[in-house]
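S.K.: next come a sequence and a model predicted from it.
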Amino acid sequence: FFFQAEDGIRDSETCLEFRRVLFRSTPIGSKYVTKQHALDLSSATIRNVMAELETVGYITHPFTSAGRIPTDKGYRYYIETLMQLNEISDSEQAEIHTKLSSTNDSSEMLKEASKLLGTISRQLCVVTSPQLAKGILERLEFVSLSSTKLMVIVSMRSGIVKTIMFEITSEISRVYLERISQMLNERLSGLTLQQIRDTFQERVRDVQNEESGLIRLFIDSADKIFSDATLKDKLHISGTTNIISQPEFFLPQNFRSVIELLNDEEMIVHVLEIDNEAKENKSVSVALGEEFSDERFHGYGVVTSKYTYGDVAGRIGVIGPKRMNYARVVPLVEYLAASVSKLLS
């Protein structure tokens, strides 16, 4: 960086940011810790305690002259035992309620939730659309739009409605459409979309050759009709500049990992769905470092919570460096998820 600066790159904001990074990366001495936190302990005692913590695996140092940093075990102990959650201010609660309730459109609300969390937490924030696979089918309806165009309406018990357009070879009478609709509803209503996708052909085997060809069309298109795709966007991401500005990701290899993450939606969805079985009874899950099987996430921490939309659910999450302010982020994610669930219901 200094070589580039001497070579003519003297942008003041860039230099200031580098100074901040350099300051954050500088080890803090035991004497500073004693004075800064008004501890009634000597510097020698602080050093001895740090040595003991390193021996039992709660902290480590990446190289000989480096300062000590928490290990994954240390972070986990802090989160589970020592962390005192911050309160969400009245002004933040008011802002969240006002902005989320400003629209009746589910997709827009989820997008706004992502923006809000990104702005308040200063991290990368992700909101996933509800997973319809676990949702229960309420009713199927057919609407003939023309002699060659048919609209299928899939109504879920949660209140979510999905529409699919089909091209058909010939016009089908309204009476016949109602008959097919009634038959399918008798066989499919009350099942989850996943169950329908897995067993649809077996459930309609006896009528698969009916004269209109509609059942055959449904068999061939079952994955499309009963899929998870519903709202405008499956994933809402905000705060990308927040994460790439973190000191950890200034190194080229780490920066590259962030870009790969942002370009892989399936990976993000998978990470948000990781739940530690020991925390199933908690509304917020925290995973970090080597708790992820994918080593590309060993430098990250992820805080997630479910929101509900009737009988289906989506996820709200924050992805950031392992050292993120969990005491601040955990209550934010929990409150936002609860607010989204309340408004959607």
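M.R.: All right, it came through fine. Numbers count the residues shown, from 1 in each chain.

S.K.: quick one: contacts of the longest helix belonging to the chain?
M.R.: Counting by DSSP state H, the longest helix found in the chain is helix 326-344. With CB atoms under 8 Å, 6 or more residues apart in numbering as the test, helix 326-344 has contacts from 78-79, 83-88, 93, 96-97, 100-101, 106, 109-110, 113, 116-117, 120-121, 123, 127, 283-284, 286, 301, 303-310, 316-318, 320. C-beta: built from backbone N, CA, C; applies to glycine.

S.K.: pLDDT of that helix, averaged?
M.R.: Helix 326-344 shows a mean pLDDT of 94.

S.K.: next one: that helix to chain centre, how far?
M.R.: Distance of helix 326-344 from its chain centroid, counting by CA atoms, centre = their mean, to the nearest Å, is 12 Å.

S.K.: report the buried members of the contacts of helix 326-344.
M.R.: 79, 88, 96, 100, 106, 109-110, 113, 116-117, 120-121, 123, 127, 284, 286, 301, 303-310, 316-318, 320 (16 or more other CB atoms under 10 Å).

S.K.: inside helices: which ones of the residues you listed?
M.R.: With DSSP H as the criterion, helices contain Ile96, Leu100, Ser106, Met109, Leu110, Ala113, Leu116, Leu117, Ile120, Ser121 from among the buried ones among the contacts of helix 326-344.

S.K.: which parts of this structure are strands?
M.R.: If DSSP state E is used as the criterion, the strands of the chain fall at 59-60, 69-70, 124-128, 137-146, 149-156, 161-167, 235-238, 284-288, 300-309, 312-321.

S.K.: so of these, which one's packed in deepest?
M.R.: Of all the strands of the chain, strand 124-128 carries the top mean neighbour count, a mean of 28, counting by mean count of other CB atoms under 10 Å.

S.K.: just checking: what are the partner strands of that one?
M.R.: In the sheet, strand 124-128 lines up against strand 235-238 (antiparallel), strand 312-321 (antiparallel) (DSSP bridges).

S.K.: for those, which one sits closest to Leu53?
M.R.: strand 312-321 (20.7 Å; CB to CB).

S.K.: CA atoms only: put that closest one into PDB for me.
M.R.: Presented in PDB, the C-alpha positions along strand 312-321 are these (Å, rounded to 0.1, in the frame of the first residue of the first chain):
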ATOM      1  CA  VAL A 312     -44.200 -21.700   5.900                       C
ATOM      2  CA  ALA A 313     -41.000 -19.900   7.000                       C
ATOM      3  CA  GLY A 314     -38.100 -18.000   5.600                       C
ATOM      4  CA  ARG A 315     -34.900 -16.800   7.200                       C
ATOM      5  CA  ILE A 316     -33.300 -13.500   8.200                       C
ATOM      6  CA  GLY A 317     -29.600 -13.500   8.700                       C
ATOM      7  CA  VAL A 318     -26.400 -11.400   9.100                       C
ATOM      8  CA  ILE A 319     -23.100 -12.600   7.700                       C
ATOM      9  CA  GLY A 320     -19.900 -10.900   8.900                       C
ATOM     10  CA  PRO A 321     -16.400 -11.400  10.200                       C
END
